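Trainee: for reference, the sequence and a predicted model appear below.
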Amino acid sequence: MNLLIMGLPGAGKGTQAAKIVEEFNVIHISTGDMFRAAMANKTEMGLLAKSYIDKGDLVPDEVTNGIVKERLAQADVKEKGFLLDGYPRTIDQAHALDAALKELGQKLDGVINIDVQPDSLVERLSGRIINKKTGETFHKLFNPPKGNYDENEYYQREDDKPETVKRRLDVNIAQGQPILEHYRNLGLVRDIEGNQDISDVFAEIKEAIVKL
Ligand code: AP5
Ligand code: MG
């Protein structure tokens, strides 16, 4: 099964992707995670990506399309299927994805769109914490780690500062609409109410995927 998960920054794409991957055994491909790994390793691509990500801007399409196409062609993805998270982010990326899938003889089965009002997203992102060892995402208030956790074992993303979040939201609101339109015309979009508990969001997503 080949899926996309869409939604504004903080909508819960990564949180739900972890659950979808566990339930449906597909490969999670997150361009944000790929860029952060390259940034941590200080590769040439990572340094280039950082110059955009730190400002809340999108990394240029040629770079992003290249890394996704390469990942999609790998054997594990062909075998198990994929869940793309954070890609496509521009209409040109959507067209590049269509072309890449055609070349690989693959197709999309569904687009999960997590719908959340933008005003709640700053709060979600400013309280997000990530486990340094496992990479698991939590929220200080909405989804805290179990028990008395040690704050030093968690970090906050550089781009979760309020100024950057505002820019990320503006960019994504502007770019997202035509992409959704593109997939709606193909009958692929399943809208999910994102303003509810994490487990309730997942229940809706699961139901939608099973029916695809
Ligand atoms: P990326 O990493 O994709 O970030 P994003 O789209 O801004 O989304 P986030 O990861 O911030 O949010 P999420 O929806 O995954 O939410 P999460 O589950 O963590 O991209 C980062 C940057 O990389 C971009 O700005 C861009 O520069 C670059 N980039 C990436 N892809 C690109 C592309 N294709 N083209 C060009 N550039 C690209 O949840 C957020 C918080 O809310 C957590 O704390 C979580 O615990 C909490 N939460 C989740 N669900 C709920 C709920 N239902 N109720 C309450 N709290 C919740
Ligand atoms: Mg994410």
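Mentor: The structure has been received and is ready for your questions. Every value quoted in this text rests on a predicted model; they were computed, and no experiment measured them. Numbering: from 1, shown residues only. Ligands and ions are numbered 1, 2, ... in the order given.
Trainee: how about the residues of this structure that lie near ligand 1?
Mentor: Contacts of the chain with ligand 1, taken as CB under 6 Å from any ligand atom, map to 7, 9-15, 31-32, 35, 52-53, 56-59, 64, 86-87, 89, 93, 124-125, 127-128, 137-139, 142-143, 159, 168, 194, 197-198, 201. Backbone N, C-alpha and C define where each C-beta goes, glycine included.
Trainee: what about the residue in the chain that ligand 2 sits nearest to, helix or strand, and which?
Mentor: When scored by CB to the ion, the chain has residue 14 as its residue closest to ligand 2, at 3.1 Å. For residue 14, the enclosing helix or strand under DSSP states H and E is helix 13-24.
Trainee: apart from its chain neighbours, what residue comes closest to residue 114?
Mentor: Once flanking residues are discounted, residue 114 sits nearest to residue 7: 3.5 Å by CB to CB, 6 or more residues apart in numbering.
Trainee: circling back to that earlier point, tell me the contacts of the residue of the chain closest to ligand 2?
Mentor: Taking CB atoms under 8 Å, 6 or more residues apart in numbering, we find residue 14 in contact with 30, 32-33, 85, 137.
Trainee: ok, back up a step: pretty sure the residue nearest to residue 114 is touching residue 13, no?
Mentor: Yes: Residue 7 is within contact range of residue 13, at 5.2 Å (criterion: CB atoms under 8 Å).
Trainee: who touches both of those two?
Mentor: With CB under 8 Å, 6+ apart, residue 7 and residue 13 have common neighbours residue 114.
Trainee: host element of residue 172?
Mentor: helix 162-185.
Trainee: tell me what angle the helix or strand just after that helix forms with helix 13-24.
Mentor: Downstream of helix 162-185, the next assigned helix or strand under DSSP H and E is strand 189-193. Following axes from the mean of the first three to the mean of the last three CA atoms, to 10 degrees, one obtains 110 degrees for the angle between strand 189-193 and helix 13-24.
Trainee: for the helix or strand that strand 189-193 is followed by, buried residues please.
Mentor: Later in the chain than strand 189-193, the nearest helix or strand by DSSP H and E is helix 198-210. Of all the residues in helix 198-210, those buried under the rule 16 or more other CB atoms under 10 Å are 201-202, 204-205, 208-209.
Trainee: can you add pLDDT and give the residues you listed back as JSON lines?
Mentor: Converted to JSON lines, the buried residues of helix 198-210 look like this (pLDDT from 0 to 100):
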{"residue": "201", "pLDDT": "98"}
{"residue": "202", "pLDDT": "99"}
{"residue": "204", "pLDDT": "98"}
{"residue": "205", "pLDDT": "99"}
{"residue": "208", "pLDDT": "98"}
{"residue": "209", "pLDDT": "98"}
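Trainee: nice, that's everything, thank you.
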